[in-house]
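[1] here are the coordinates; sequence isn't available:
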């Protein structure tokens with residue numbers, strides 16, 4: 001009987017500690033990690049060669065990439081990102097390119113008017129604007145032009161949110 005009582009007390013305490021952040025009931029659990037949908041970007045040259053692949057001549061190492069924003073005082077604030085290797089999502093869904101992935105950028109983007117910056121090695125600086133809608137990056141602007149998606153629509157929510165940057 002004592003064991004059942006202890007289990008019920010633990011469940012009760014866990015329930016109290018994990019209330020919804022949004023009173024209306026659609027928010028995340030208060031003990032959940034807050035992260036938005038990822039910005040996923042494939043970077044290629046004009047010949048469609050993957051510039052994040054270490055096997056490619058002239059590829060961009062993570063240390064050569066800067067992703068950042070500027071505050072009101074024009075101070076640079078670094079944004080975390082990772083380089084994700086190619087992957088198979090299922091038997092018939094495969095992404096053959098490395099991807100620059102950032103959960104933090106889409107969380108920081110309050111509107112498409114927020115500007116972020118992407119610097120690849122010694123290449124020019126790219127301005128990035130992101131429109132986030134609930135679970136996905138809905139639109140990506142690179143230097144004020146809409147970036148194309150890398151994969152076909154209807155394949156998968158994650159795969160549909162992968163964008164392409166071509167460097168000439």
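    All right, it came through fine. Bear in mind the structure is a predicted one, so any value in this text is a computation, not a measurement.

[2] What strands line up against the strand ranked longest in the chain, and which way round?
    What stands out as the longest strand in the chain, according to DSSP state E, is strand 125-133. On the basis of DSSP bridges, the sheet neighbours of strand 125-133 come out as strand 115-120 (antiparallel), strand 136-142 (antiparallel).

[3] lowest-confidence stretch among the ones you listed?
    With a mean of 89, strand 136-142 has the lowest mean pLDDT of these.

[4] Helix, strand, or coil at residue 158?
    Under DSSP: H, G, I helix; E, B strand; the rest coil, residue 158 falls in the helix class.

[5] What about it, how many residues nearby?
    Number of residues near residue 158 (other CB atoms under 10 Å) recorded here: 17. Quick note: C-beta positions are derived from backbone N, CA and C, even for glycine.

[6] My guess is it contacts residue 89. True?
    Yes: the pair residue 158 / residue 89 is scored as a contact, 7.4 Å apart, by CB atoms under 8 Å.

[7] May I have the phi/psi pair for residue 109?
    Main-chain dihedrals, residue 109, degrees, to the nearest 10: phi -80, psi 100.

[8] what residues are up against it?
    Listed by CB atoms under 8 Å, 6 or more residues apart in numbering, the contact set of residue 109 reads 36, 116, 129, 130, 131, 132.

[9] List the contacts of the residue nearest to the third one when sequence neighbours are not counted.
    In this case it means residue 129. Excluding the flanking residues, the one nearest residue 129 by CB to CB, 6 or more residues apart in numbering is residue 141, at 4.0 Å. Contacts for residue 141 (CB under 8 Å, 6+ apart) come out as 112, 127, 128, 129, 130, 147.
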